[in-house]
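Model the following, please.
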Amino acid sequence: MGPAKTWERKTKNISKLIATINLHKSPRTFTTGMKTGETGGRNPFLQCIEGHLVKFCACCDNPGMTAVEKPPLLTVEEYLEGEKLSEVRHEYIGGLVYAMAGASDEHNAISLNLASALLAHLRGKPCRVFMVDSKVRLQAEAEDIFYYPDLMVACDPRDTDRFFKRYPRVLVEVLSESTERIDRREKFLSYTQIETLEEYVLVAQDKMEVTLFRRANRWQPEALKDATQSLLLASIDFTVALPAIYEGVQFRGRS
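So this is what the prediction gives:
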């Protein structure tokens with residue numbers, strides 16, 4: 001995972017410099033914003049926000065380290081305006097932003113394979129498939145949340161916003177070592193609160209393994225690991241064989 005970066009929102013009335021937080025560990029933690037190589041370390045760093053020098057801890061879940069001051073909370077409007085201009089994507093949870101890590105070749109291949117199959121299946125139908133830069137918006141514990149799922153299928157006519165969807169039917173995340181805990185815990189708990197969501201899919205990239213959660217099955221996991229098996233998304237009448245999902249993927253394992 002590359003180092004976390006800062007980004008500057010250049011909207012009319014906004015000139016804050018925001019310290020971003022990457023997704024290296026779970027629970028999500030502050031990480032160094034200095035370009036010193038690998039992220040996820042525990043060294044404090046300094047960021048300039050609105051002209052004030054503020055010290056952050058590199059890992060605020062460490063009892064021995066406390067932040068002098070937390071990053072400023074952003075409104076939803078500020079976040080959405082900032083994302084239009086930012087070169088780095090960020091997820092938003094209750095006013096805080098989290099920088100998104102870059103994807104591997106395997107991650108991209110899996111996403112494209114699934115997206116291509118879904119696009120062909122949904123052509124001419126009311127449902128649409130979205131990937132990469134499309135956000136899902138939800139509320140959990142009265143907090144506004146914006147995530148970037150790897151793939152999303154939306155069918156609800158109420159979803160008219162150009163930059164996010166509120167009513168997805170299917171959500172897919174491709175797992176990585178740095179995001180798996182978030183995808184399996186935080187996002188699972190958040191996504192399953194969406195009223196229209198019927199199926200949530202987790203796809204491993206270091207081995208052939210797909211985990212499916214269905215509302216109809218009370219969100220119990222269904223693991224698919226054999227090359228003879230297929231992923232069935234009943235809510236959109238879609239079936240794809242596991243080898244097709246992993247076409248062109250060379251399993252490298254985890255370092």
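
Please make it C-alpha for all contacts and neighbour counts, starting now.
Will do.

Quick one: low-confidence residue ranges for the stretch 1-150 of the chain.
Across the stretch 1-150 of the chain, the ranges flagged by pLDDT under 70 are 1-71.

got the residue ranges for the helices in the stretch 51-200 of the chain?
With DSSP state H, counting those that start in this stretch as the criterion, the stretch 51-200 of the chain has helices at 76-85, 105-122, 180-181, 187-191.

which outside residues touch the last one?
By that I understand helix 187-191. For helix 187-191, contacts defined as CA atoms under 8 Å, 6 or more residues apart in numbering pick out 138-140, 197, 200.

Using the three-state scheme, assign the closest residue to Leu232 other than its chain neighbours.
Of all residues not flanking Leu232 in the chain, Thr239 sits nearest, at 4.5 Å (CA to CA, 6 or more residues apart in numbering). Taken by DSSP: H, G, I helix; E, B strand; the rest coil, the conformation at Thr239 corresponds to strand.

And the pLDDT at Thr239?
pLDDT for Thr239: 98.

The one 3 residues further on too?
Note for Leu242: predicted pLDDT of 98.

isn't it right up against Gln229?
Yes: under the criterion of CA atoms under 8 Å, Leu242 makes contact with Gln229 at 6.1 Å.

who's more crowded, the two?
Neighbour count, other CA atoms under 10 Å: between Leu242 and Gln229, Leu242 has more, with 19 against 13.

burial count for Asp226?
By other CA under 10 Å, the residues close to Asp226 number 13.

Lys225 is in contact with Ala204, isn't it?
No: contact criterion CA under 8 Å: Lys225 and Ala204 do not qualify, at 10.0 Å.
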